[in-house]
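Q: show me the folded form of this:
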Amino acid sequence: NSLPDSVVVQRVEERLSALGNIVACNDHVALVHPDVDRETEDVISDVLGVEVFRQIVGGQALVGSYCKFSNHGGMVHPR
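A: Here you go, the predicted model:
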C-alpha cells in the first residue's frame, strides 16, 4: 500500500516535533505555534497551499491541542 501520487509529503526539521499539537488547519488557513521555525511555516504554506498565521488560542500556544476546525466551522478552548 502506498499513498497516491497526488498526496504531497514533506519532512520538516522542527524542534517542536509534535506537529498535531502546534498546527491547526483547514483547506484555507493554518494556525501555528508562535515559536515555530520560519522554514516550517513556509513548508506548511507550500505543501498545504494555505495562508499561515502564528497564533495562540485561549492563552495557549499549542493551537492544535486547543482548537479544531474544518471548512464548515470550528471549536476552540472556552477561554
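Q: which stretches of this protein form strands?
A: Remark: strands assigned in the chain by DSSP state E are 23-25, 29-32, 51-54, 67-69, 74-76.
Q: please convert those to CSV, extending it with mean pLDDT, distance to D5 and mean neighbour count.
A: In short, each C-beta sits where N, CA and C put it, glycine included. As requested, the strands of the chain are exported to CSV (pLDDT from 0 to 100; distance: least, Cβ to Cβ, whole Å; neighbours: other Cβ atoms under 10 Å):
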stretch, mean pLDDT, distance to D5, mean neighbour count
strand 23-25, 96, 22, 21
strand 29-32, 97, 23, 20
strand 51-54, 98, 25, 14
strand 67-69, 94, 28, 15
strand 74-76, 91, 31, 12
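Q: can you lay out these as TSV showing distance to R38?
A: TSV is the format used below for the strands of the chain (distance: least, Cβ to Cβ, whole Å):
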stretch	distance to R38
strand 23-25	14
strand 29-32	11
strand 51-54	10
strand 67-69	22
strand 74-76	25
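Q: need the longest helix for this structure.
A: Counting by DSSP state H, the longest helix found in the chain is helix 38-48.
Q: now do it, average pLDDT.
A: For helix 38-48, mean pLDDT rounds to 96.
Q: who's in contact with that helix?
A: Residues outside helix 38-48 that contact it (Cβ atoms under 8 Å, 6 or more residues apart in numbering): 8, 10, 12-14, 23, 25, 30, 32, 50-52, 54.
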